[in-house]
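Asks: Would you be able to build a 3D model of this:
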Amino acid sequence: MLPKAKGIRADLNDYSDPRPAYDSVNRNVEDVSVRLHNWDLLVKNVRGFYRNEFEKLESETVESLYSKTLDELPSNEDISF
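Replies: Below is the predicted model of the structure:
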């Protein structure tokens, strides 16, 4: 069960569908609307996959840049005027 929405609309991106993505793929593709439905499922799955991968990469990059920056900061002993 979903928690109560904050504001008018719940953020549905935080919830994933536990069913495999291929459950709603139609095998009989003689109709154009069925093909479009399958295409829409494929595009949504690919976008979701790469969105997750990008978020992982982005957080790793930010963390590594932060740690490298902290490592490269001079200590008080290294500063001379």
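
Asks: residue ranges with poor pLDDT in the protein?
Replies: Applying pLDDT under 70 to the chain picks out residues 1-23, 73-81.

Asks: at 50 instead, please
Replies: The chain contains residues with pLDDT under 50 at 1-2, 7-8.

Asks: how much space between residue 45 and residue 54?
Replies: Separation of residue 45 from residue 54 (Cβ to Cβ, to the nearest Å): 15 Å. Yep, even glycine has a C-beta here, placed from its N, CA and C like the rest.

Asks: which of the two has more neighbours?
Replies: Taking neighbours as other Cβ atoms under 10 Å, residue 45 and residue 54 compare with residue 45 leading, 13 against 10.

Asks: Okay, and that one sits in which element?
Replies: Residue 45 is located in helix 32-72, with elements delineated by DSSP states H and E.

Asks: Ok, residue 28 next?
Replies: Short version, using DSSP H and E: residue 28 is in no helix or strand.

Asks: nearest residue to it other than its sequence neighbours?
Replies: residue 34 (6.7 Å; Cβ to Cβ, 6 or more residues apart in numbering).
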